[in-house]
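1. need a 3D model of the following:
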Amino acid sequence: MPSMFIRVEVEPEAAADRELARKLVEVCPVNIFDLDGEGKAQVVEENEDECVLCDLCVQAAPPGQVKVIKLYESEPSSPARAS
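-> Numbers count the residues shown, from 1 in each chain. This is a model prediction of the structure:
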């Protein structure tokens with residue numbers, strides 16, 4: 001099932017870098033990354049919404065190779081009402 005709140009994207013060349021793939025698996029505290037049978041990084045879709053936005057995966061990769069995308073607005077769509 002696709003995630004509702006967060007999507008994580010890894011550029012193909014970054015996913016194919018076995019050293020980087022292992023590092024992504026190691027740094028993620030919520031197991032968003034896994035290794036496929038060839039040692040390439042893959043995103044575990046059912047874990048994406050567990051992302052805590054720690055940015056460790058983005059910091060571990062070369063610029064622009066890993067993206068964490070919020071699929072929601074950070075501002076409320078309607079103001080909270082006082083009781």
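
2. hey, where'd the helices end up in this protein?
-> Ranges of helices within the chain are 12-16, 18-27, 56-60, based on DSSP state H.

3. how about the ones you listed in JSON lines, adding mean pLDDT, distance to residue 70 and mean neighbour count?
-> Just so you know, the C-beta spots here come from the backbone N, C-alpha and C atoms, and that holds for glycine as well. Putting the helices of the chain into JSON lines (pLDDT from 0 to 100; distance: least, C-beta to C-beta, whole Å; neighbours: other C-beta atoms under 10 Å) gives the following:
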{"stretch": "helix 12-16", "mean pLDDT": "97", "distance to residue 70": "20", "mean neighbour count": "15"}
{"stretch": "helix 18-27", "mean pLDDT": "98", "distance to residue 70": "19", "mean neighbour count": "16"}
{"stretch": "helix 56-60", "mean pLDDT": "97", "distance to residue 70": "13", "mean neighbour count": "17"}
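
4. so where do the strands sit in this structure?
-> 6-10, 33-35, 41-43, 66-70 (DSSP state E).

5. report the angle between the last one and helix 18-27.
-> Angle of strand 66-70 versus helix 18-27, following axes from the mean of the first three to the mean of the last three C-alpha atoms, to 10 degrees, is 40 degrees.
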